[in-house]
Structures are given as structure tokens and as C-alpha cells.
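Q: sequence unavailable; structure follows:
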DNA sequence: TATGAATGAGAGTTCATTCAT
DNA sequence: TATGAATGAACTCTCATTCAT
């Protein structure tokens, strides 16, 4: 009996916990293979037959579990979107702010460390997500819904909070958010996507980024 | 006599001036259509028959001018790479620095304004470029060659220059470059790609971005 | 249950016994059709769509079983080459010679009768083989390997054998082989290829050919 | 003014003398290129664009002179058929026989030497001819007309002539012709087509072939 | 549930031929 | 006469999807 002793990739484990229904072993293999192929070739250039082959599964089997190729894509990428942005959508975030993040710096540090770790773990899926958002209306919608509605609102709250505390310059909120996000995403893109093979001192670079953003936004 | 009165798209005009050989009218139409379809659907999902149809041309005509579909892609995207990064590859940039950019702020402002205008003009091609770099080794190579070798070197020079003048913090050059680039690219991505329909005061946002970067990097 | 009652063409049956893997019914139809079309129009002028149509199969089905059109050609023609020349590549041919062919005449008669019967059975494939050898390096290679290395060597042995017995003139072996082969192939070409519709007394013509060759080569 | 100083290939010169109308320089180049490409790839696999390129001529130019690709083929191959078989179609061949060929051996030797030289000169076109006869009804017709009607008749006459003189066995004429032709064609095929690179003593091989045929057919 | 042979629409590409210049 | 851009039909081949087993 083939046992799946090798530890699952982290993102796969995450997916497993998301799904209510149990995934069969074959389904797991299919998803693993699909993530691999989609991230390497892009959705459109990936062929279901290649995925099937890599998964060690008959072509028909994929379509038993996922009605279409697009279904397969979405079933992989959709749950990731929520998790990627989840930490910012806590219910009582104000309490959390007061308690856990006494300063903007503390907040920024927590977010950077936490999300960078997350991104590293789910690198392949995030790649797929980034590639396919422009072309998959379903994804774009979800993205807008999550980012546009929830995240932006929550961030506004946060920035306002620290501006009120006098920590941050009175820059328009939206711009401030852009600066923070740009710096964070820039860190991610450069070190995980563009130059993944270059050695780097992650802790130090995070720290530098924090200092840059703080100087850039700090009131005096 | 068929006259091409409608003004060409700016990037097309740019292409025209790049090419030595004359382009026939049909070739122009093909490129126009290809840019449109590639940017909308992505390279892999775009079909040559759709491009031909949109160009009002027989499908065979495309292959008379471009040996393969990939050829068509590269012939559009390659020349853009040079132009996108061109302004930084001046020969006597040190002179230019001394004369035209007495302060880092002046330099930053010039670059942001100039490149944002450029990006807006060549938006579609830049979209294609961003989408396809991960999947087209030929493009990746060019990108690395241009960015990795030339631009980074030049930027290092610049940052060093202003650090020596005491204007900039003694942050590691590479990190400083990342901050500047992140902020610039962030501006571009947000306003031209993510939310192209939202109204925004370009001049003001550029100014805010400059101030953010300056504060973030200024010594003192 | 679809039953394949019509008797298979002999060469097809031969192919079946060559192949280890089972051929599906559709594969059989494809090969039948391919042999027909290739032999009628030549490989280059045959279209896979015509083959598919004649086989009563979707065009895609052909490519499920044979990666390319050339693959289809080779999978038909390659096994025939071995069989065509097989009888001469017996392991203990010297024993066979002594026992079964006491005279050169006996040997000649056996070969002519046997190979002519074979050629008649596999006429279409031999046609294809003849047509395509000049243009398919893969075939040319096999041909050289089989003919040049094995058959020529074996024939040399045979001719030497009968020359030593004093039956044959001391003509250079290579020339002797050419005479025998020319006469045999001439018989085949004239009656099976050039004038297949002319009635002829096969037995008699074989006999005449044997006598011609014998007289031509006999010592004394 | 470009002059055509290099000596023309022999077959080309032959063609020139066949044609009544003058061939322009471009037409010459086209025919040269067509012969080359047709003989290398076969008619069906040869493309007019390749021929045009090799001829240094625009694609359209070919079709100005030859209505279709098949036209081009026929205009090359048809005149060769006549020349190939011409020597046997003399008007007063009986006189020639009496005067020039007192014995069958003399006749055989003359024919072999003469036709082999011819074949060597027009090798490429003969290759094309052999390849395309099975697929080009027009060629097949001409072949049948020339061979079936004229050559066979003439040969019958010749064989009868020498049988009457008691030189040849009373083999059925048709068979005798087959033997002679097989031996001659065998010589040609082996040394000019199959093993063109092997060195061989042409004169000696011709002589051996003559002896073989003579022994094979000689009365007594 | 899983298979994989079969499908057929459509992909990219080739090519003989036409025609305005 | 010669050109070569343009054509569109036909080509080989791919692929998501279906379905009998």
C-alpha cells in the first residue's frame, strides 16, 4: 500500500485544512502536480495531460474531481487568497492593535515577518495567483472584494489609528498604504521572485525596510 | 489609395523608429492587433487566428512576417525593454548628474515623471512584458542583462554619488535601490494597472512619493 | 460486440505477430488505411486527414497512437525490413545450406519462390519501402545495416560455398550477387509492380529466370 | 551584366537543345534549382519557395514560366524520357543492326556503355523520374507509351534478329528482354544510386555484366 | 472510483498560387 | 518581365473533455 510518508508541502497542508471534504490520495497528487505545472508554465500553457502524468493519474481522473481545467485552477488558488490576506481581517482588530501593537513599528514588524514567512511557504501558489489575476475574472473579482473592500478599509483604520496617536505624518491614507505595501511587496518580489538564489540576511533586510518606511512616514 | 490617417499609438510609432526596415501597412496592423490580444489574454491564450482577424489580415500573412508566434511576441516586446531602461544608460551620466541633478530630489523627480509618462504611453506592451518574463527565457535573459548588469550598476553609482555628497543615509546601496524602485513601481502598478479607472492627481502623488522616499532615505 | 470477421490482409497479420503490445481495433484500421494511402500517394503527398477518414477514425486518434506522421510510417515499414530479409539471416545457415540446398540451383529456386510469395503478400508495404528509402534517413540506415552488413555477408558466404564446390564461375562475389539480385528483383518489379495486370505463368517465369542465372554463372 | 560562365550541367544543356524557345537566365536557374530540390526531397516534399530561393528568384517568377508546380516537374522530366529511350527508336534500326552490331555482344556492349554514360550525366533527373512515375499519371502514360509501345517492340525485333541468327537461346522474347534489362538496370542502380561513393572499375563491371548475360542467353 | 481510448474543435504553420506594382 | 506581399485552404499536431469499460 503506497503511504504518503514524505511531509506534505506546507501549502498543501493548508489546503487540506481548508477543505471540508476529505481529499483522496489521488486528489492530493493532482493538486500537487497542478501547482507545480501551473507555476512553471502558466495556466494557459499547462496541459492537463502533463499534470495527469506528473500526478501519476489517468487523464480522466482529473475531470472526475474537477469539472474543467479552470475549476482545478480556482480550487487551488481561491482558498489561498483568503489566507493571504486573512490576518488583517480579524474581528476585533482594534483590541489587537491596542494590546499587541503599541507602536506602528511593532505593527509593521509583525506584519512583515509574518506575511513574508507565509509568502515563502506558499510561493508557488502566489506566483500562480499573480500571473492569473489579470486573466481570470473570477480571481479578479475575489481580489477586488478582499483587497478593495476589506483590506483597504482595515488598513485605513490602522493608519488613522497611528496618525491619531501622532506617530505618523498626515499623509493621505491611501498614499500611506501604497508606500507600506510597495515596500513590503518589493521586499517579497526581489528576494523571493526575482533573485531567489541570491543569499540574503532576511532579518536585516526586514529591519532596513521597516526603518525606511518609518523614516518615510514618521512625523518628524 | 488607403491612407493611415488615424494617429498611431505612441508605442507603435516608437517601434517604427526602432526598426530599420520598412513595415508594410499590414505588418503594422498585425503588430497593433497582436499587442491588443496579447495584453488582453496573455501570450499563451492568444490565438494567431484572433490576431489575424483583428488585424484584418489572412492568418498566413502573420507567418510571412514572423516565423512563429513567439517571434511575433519577441519582435514586439524586445525593443521595448531597451527603451524602458534606456534613460539610465547614458554614456556620460556623471556629467548629467552634476549638471542636471544637483540634488537627489531633482534626480528622483525627473526619473519618476519621465518614466511614468513613458509607462503610460507603452502600457500594453509593459503589461505583456511583465506577464511573459517569467515564461520566456529569451526575455528573462534580456531582462537580466539589462537590469542586472547595466541598470543596477548605474544606480549604484548614483546612490553612491549622493551618499558621498551627504544627502543620503548610509543604507546598503542595494537596499536603497530596492526602496526607490519599489516606491516607483508601486506608484505605477497601483495607478496604471490595478486601478486605472480611479481618478488621481498624478502630480501630487508623484510629489508625495518623492517626499516619502526622501524622508525614508535622507540623512538626518 | 464489434467482430472483425473480414480476413486481415496478410501483412497486417504479420505486423500483429511482430508487435508485443496489443493493438486496438482502431489502431488496426489506422494502419490499414495508412498503408493504403501511403502506397497510393506516397508518404509526403498522403494526408493524415485522409488516412483518418479512410480508417473511420478521428484525426486526433492517429496522433494518440503515433506521435507524428513519420512515426506512423516507420512503425509500418520498419518491421517489414527485417522480415523481408529475414530468411537469409539464419543462425546456422551453413547447416541449412548443406542439408537443404545441395546445389546452387536448389538454393536459387527456394529463394525465388519463397521471396516472391512474400513480396506478393506484402506488396503495398514494399512499395512504400522502395519509395521512401531515398528520403527517410531512418530507413536508409536500417537498410544499410540489414543489407550492407548482414545480407551481403551471408550471400558472400553462399556464393563462396558453391564456387568452392565448383558449381559457380569464379566471378567476383559482389558481381555475382548483383546478377542474382538483379534477376530476382527484375522478376518482381516487372510482374508485380510494372505490369501487375498482365497474366503470367509465375512458375514458368521463375524457372526461366533460374535457368538464365544458372547459365550465366555456371562454370562450364 | 551577369554572365553564366560556369559550364552548365550536361542535362541542362540537353534540355536547352530540346527546347525550341529560348530560356532566359532566370528560367535556367529555376530549372537547375528545381532538379536539385526535387531529386533531394522528392516532388511532393519540395516547396516552390525553396526552389525559388535556391534559384535566386522571386516566388512569383516560377509561376510566370510554369503555370503550376506540376508543370515545372513535367517540363523537366518529360523531355528526358524521350532522350533516355531515344537510341532504340531509330527509324532504320534494322540497317543499323546489320551494319553496326554484327553480334549480340556488340549490341549489348554498345547499349550498356552508351546508356550508362547517359544515366550518369542525367542522374538527378532519372532519380526524379523513377520516384515520380508511380504517382504522376502523366508520366506513367508517357512511360507506357514509350516503353510499352516502342521500346518493347524494337527490342523484340532485336532479340528475334539474333535468335534467328542462332546466337541466342529460344527463350521467350519478353523474358529475354527482362533479363537484359534487369542486368543493365541492376548495374545502374547499384553503382549510381545505391553505392555511388564506392569506387568501381566501370569498364570491368560492364564487361562482366555482358559476359553474364551472354552466358545466360547464349545458345550452346 | 478510476481508467485511457477516442474525440473534434482549434491550434500554429506551410505552401502553391495570385496580383498589384 | 520580375517581384514579393498577400492569400486561404490544407496541413500536422494538441488538448480539454467525454464515456464505455
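A: Good, I have the coordinates. Quantities reported herein were computed from a predicted structural model and do not represent experimental measurements.

Q: three-state assignment of the residue nearest the centre of chain A?
A: The residue lying closest to the centre of chain A (C-alpha atoms, centre = their mean) is residue A:84, at 3.6 Å. Secondary structure assignment for residue A:84 (DSSP: H, G, I helix; E, B strand; the rest coil): helix.

Q: tell me the confidence at it?
A: Residue A:84 is assigned 83 on the pLDDT scale.

Q: quickly note the distance from the nearest residue in space to residue A:57 that is not next to it in sequence to chain B.
A: Using C-beta to C-beta, 6 or more residues apart in numbering or on different chains and skipping residues adjacent in sequence, the residue nearest residue A:57 is residue A:26, 5.5 Å away. For every residue, glycine as well, the C-beta is placed using N, CA and C. From residue A:26 over to chain B the distance is 27 Å, taken as C-beta to the nearest C-beta, to the nearest Å.

Q: give me the element residue A:26 is part of.
A: Assessed by DSSP states H and E, residue A:26 sits inside helix A:25-41.

Q: so that helix, near DNA strand F or not?
A: No: using C-beta under 7 Å from any atom of the strand, we find that helix A:25-41 stays clear of DNA strand F, coming within 9.2 Å at best.

Q: which elements pack onto that helix?
A: Helices and strands touching helix A:25-41, by 3 or more C-beta pairs under 8 Å, 6 or more residues apart in numbering or on different chains; DSSP states H and E, are helix A:10-18, helix A:48-55, helix A:59-65, helix A:69-85, helix A:123-132.

Q: coming back round to it: was I right to think the residue nearest to residue A:57 contacts residue A:55?
A: Yes: Residue A:26 is within contact range of residue A:55, at 7.4 Å (criterion: C-beta atoms under 8 Å).

Q: more neighbours: which of those two?
A: Remark: of residue A:26 and residue A:55, residue A:55 carries more neighbours, 21 against 16, as counted by other C-beta atoms under 10 Å in any protein chain shown.

Q: check contacts around the more buried one.
A: By C-beta atoms under 8 Å, 6 or more residues apart in numbering or on different chains, the residues touching residue A:55 are A:26, A:29-30, A:32-34, A:62.

Q: where does chain A have low pLDDT?
A: A:1-22, A:89-92, A:220 (pLDDT under 70).

Q: flag every residue of it that's near chain B.
A: Residues of chain A lying close to chain B by C-beta under 8 Å from any C-beta of the partner chain are A:41-42, A:44-45, A:127, A:131, A:134-135, A:171-172, A:175, A:178-179, A:181-183, A:185-187, A:190, A:205, A:208-209, A:212-213, A:215-218.

Q: for DNA strand E, what's the nearest residue on chain A?
A: Nearest residue of chain A to DNA strand E: residue A:60, at 1.8 Å (C-beta to the nearest atom of the strand).

Q: mind putting the contacts of residue A:55 in CSV, distance to residue A:140 included?
A: Below are the contacts of residue A:55 laid out as CSV (distance: C-beta to C-beta, whole Å):
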residue, distance to residue A:140
A:26, 31
A:29, 29
A:30, 25
A:32, 26
A:33, 25
A:34, 20
A:62, 25
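
Q: around DNA strand E, pick out the residues from chain A.
A: A:24, A:26, A:57-61, A:63-65.

Q: scan those and report the most crowded one.
A: When neighbours are counted by other C-beta under 10 Å, residue A:57 leads the residues of chain A next to DNA strand E with 19 neighbours.

Q: before we move on, the earlier item: buried ones among the residues of chain A next to chain B?
A: By neighbour count, with 16 or more other C-beta atoms under 10 Å in any protein chain shown, those hold A:42, A:44, A:127, A:131, A:134-135, A:171, A:175, A:178-179, A:181-183, A:185-187, A:190, A:205, A:208-209, A:212-213, A:215-218 as buried.

Q: can you flag which of these belong to helices?
A: Among these, the residues falling in helices (DSSP state H) are A:127, A:131, A:175, A:178-179, A:181-183, A:185-187, A:205, A:208-209, A:212-213, A:215-217.

Q: distance between the ends of stretch A:125-139?
A: Using C-alpha to C-alpha, to the nearest Å, the end-to-end distance of stretch A:125-139 comes to 13 Å.

Q: equivalent analysis for stretch A:80-94, please.
A: Per C-alpha to C-alpha, stretch A:80-94 runs 25 Å from first to last residue.

Q: quick check, distance from that stretch to the centre of its chain.
A: 11 Å (C-alpha atoms, centre = their mean, to the nearest Å).

Q: list the buried residues in it.
A: Buried residues in stretch A:80-94 (16+ other C-beta under 10 Å): A:80-81, A:83-85, A:88, A:93.

Q: stretch A:142-157 too?
A: A:142-143, A:146-147, A:151-152, A:154-155.

Q: list the contacts of that stretch.
A: If you take C-beta under 8 Å, 6+ apart as the criterion, stretch A:142-157 is touched by A:78, A:81-82, A:85, A:88-89, A:93-94, A:133, A:173-174, A:177, A:180.

Q: make it 10 Å
A: If you take C-beta atoms under 10 Å, 6 or more residues apart in numbering or on different chains as the criterion, stretch A:142-157 is touched by A:74, A:77-78, A:81-82, A:84-90, A:93-94, A:97, A:129, A:133, A:136, A:173-174, A:176-177, A:180-181, B:194-195.

Q: could you do stretch A:213-220 as well?
A: Here stretch A:213-220 makes contact (C-beta under 10 Å, 6+ apart) with A:103-105, A:108-109, A:112, A:159, A:162-163, A:165-171, A:175-176, A:179-180, A:182-184, A:211, B:169, B:171, B:179, B:183, B:209, B:211-218.

Q: the same query, at a cut-off of 6 Å, please.
A: With C-beta atoms under 6 Å, 6 or more residues apart in numbering or on different chains as the test, stretch A:213-220 has contacts from A:105, A:168-169, A:180, A:183, B:212, B:215-216.
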